[in-house]
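A.B. asks: Predicted model and sequence follow; I will ask about them next.
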Amino acid sequence: MRRIFLVLLALIVLAAIGFFTLGPGIVERGMNKVEAGPMPRVTPEAAALHRSLQIADLHADTLLWKRSLLDAAERGQVDLPRLQTGNVALQVFSSVTKTPKGQNYDSNSAETDNITLLAFAQLQPPGTWSSLLERSLWHATKLKRAAAGSDGQLRVIRSSDDLAKLLADRRSGANVTGALLSIEGLQNLEGKAENLDRLYEAGFRMAGFAHFFDNEVAGSMHGEKKGGLTPLGREVLRRMEARGMVVDIAHASHAAVAEMLRLATRPVVSSHGGVQATCKVNRNLTDEEIRGVARTGGVIGIGYWEGAVCDTSPQAIVRAIRHVRDLVGIRHVGLGSDFDGAVTTRFDTGQLAAITQELKTEGFTDDEVRAVMGGNVLRLLAAGLQPRDR
């Protein structure tokens, strides 16, 4: 009997080791994929232009996963070495705190959560196992630690002055990439507006109001009721604009988007997604919503996955970019990859020159390429990160 007990104990220990050491990586490999497919040949001219760009991406979910940002990974789509290879000046990193089981684009309940098990399996601090706020604060800690260990190559951007210094140093030849913290769904407020102050102090400078389910501040495009902003949501929007936090309409219901655009007094972003004119998926923006974002002075980040552009090719991405340009002007479109957001893409962040090439192939001027690949986002952030009283 003792021998049987010891064998069972050994099996349990081995299973636990596998669960905690191998499980998170296996999960990510199955969710963040780079698929094979045709890619444009990058000409010497496009490569030279790409090296001259200040590139900015409005959305990646890399902080959700248990791997170092500083090491070149064999899985996923973003890490610092690949950001450097892709010549990325600024990457926005989002904090994902809750996703529903059976997640889909049409209708999801807020009653279930996939992230709790992931937080436990990744051996995150115990506070993150039950608190959405603590999950975001942990993501901020992870990014801060990565920057501290990067020998100055990764900087957390918290202000317009930080951003200006980053860009000036890059122009002087410094090998440095900026990282800005965002939030994917304000369910991490846990129903309390004052928690926005804790998130701001932790470094968060952008926030989407909803993710895949309705929450205490807004209806989601993928929720059950899909309502507009709640009174708490309207209060949070005012607080964000006053503090210098950029409002993100991605994933919000059509009713919530309309209200956010009506109330906004500063430029907003749609950090990651597509447009219904080129990919008729319910989470993508209508032409009227595109015009609304443009009226605020905002920017629409075009994603790279099937649900955003109905393909994963650079050509499909550029079709969506061209539609926004033709509808409201070049100043209102940028990149919003959704890398590491449980998506399959054709390329990772080290291969962004493919987009530069496709933009040139489609007749975009060099100035237009500069605007799309980062100029528009960087301009918006330079103004949007300033508190109202400045």
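C.D. replies: That came through, no problem. Everything numeric here is computed off the predicted structure, so don't read it as measured data.

A.B. asks: show me where the stretch 251-390 of the chain has helices.
C.D. replies: Counting by DSSP state H, counting those that start in this stretch, one finds helices in the stretch 251-390 of the chain at the ranges 254-263, 287-295, 306-309, 314-328, 353-361, 366-370, 376-384.

A.B. asks: which residue ranges form the helices in the stretch 1-150 of the chain?
C.D. replies: With DSSP H, counting those that start in this stretch as the criterion, the stretch 1-150 of the chain has helices at 2-17, 23-31, 44-51, 80-85, 115-121, 132-148.

A.B. asks: buried stuff in the second one?
C.D. replies: Okay, so that is helix 23-31. G23, P24, G25, V27, E28, M31 (16 or more other CB atoms under 10 Å). Where you see a C-beta, it was placed from the backbone N, CA and C, and this is true even at glycine.

A.B. asks: For Q351, see how far away P40 is.
C.D. replies: From P40 over to Q351 the distance is 10 Å, taken as CB to CB, to the nearest Å.

A.B. asks: Distance of A353 relative to K226?
C.D. replies: From A353 across to K226, the span is 39 Å (CB to CB).

A.B. asks: For stretch 226-235, measure first residue to last.
C.D. replies: Taking CA to CA, to the nearest Å as the measure, stretch 226-235 stretches 19 Å from start to finish.

A.B. asks: which residues are contacting that stretch?
C.D. replies: 186, 189, 191, 193, 209, 214, 216-220, 237, 253-256, 258-260, 263 (CB atoms under 8 Å, 6 or more residues apart in numbering).

A.B. asks: Just the pLDDT at A15, thanks.
C.D. replies: Listed pLDDT for A15 reads 48.

A.B. asks: Likewise for the one 10 residues further on?
C.D. replies: Per-residue confidence at G25 stands at 72 (pLDDT).

A.B. asks: next one: G341
C.D. replies: 96.

A.B. asks: nearest spatial neighbour of it, skipping sequence neighbours?
C.D. replies: Nearest-residue entry for G341: D61, 4.0 Å, with adjacent residues in sequence omitted and distances by CB to CB, 6 or more residues apart in numbering.

A.B. asks: can you tell me which residues contact the one you found?
C.D. replies: With contacts defined as CB under 8 Å, 6+ apart, D61 is in contact with F93, S94, V96, E184, D338, F339, D340, G341, A342.

A.B. asks: repeat that for 6 Å
C.D. replies: By CB atoms under 6 Å, 6 or more residues apart in numbering, D61 lies in contact with S94, V96, D340, G341.

A.B. asks: Who wins on neighbours among the residues you listed?
C.D. replies: In terms of neighbours by other CB atoms under 10 Å, those top out with S94 at 32 neighbours.

A.B. asks: L117 versus that one, what's the distance?
C.D. replies: S94 is 20 Å from L117, by CB to CB.

A.B. asks: Strands along the stretch 151-300 of the chain, start to end?
C.D. replies: Applying DSSP state E, counting those that start in this stretch to the stretch 151-300 of the chain gives strands spanning 154-156, 177-184, 204-208, 246-248, 269-273, 299-302.

A.B. asks: Neighbouring strands - and their directions - for the second one?
C.D. replies: Okay, so that is strand 177-184. Paired neighbours of strand 177-184 in the sheet (DSSP bridges): strand 88-96 (parallel), strand 154-156 (parallel), strand 204-208 (parallel).
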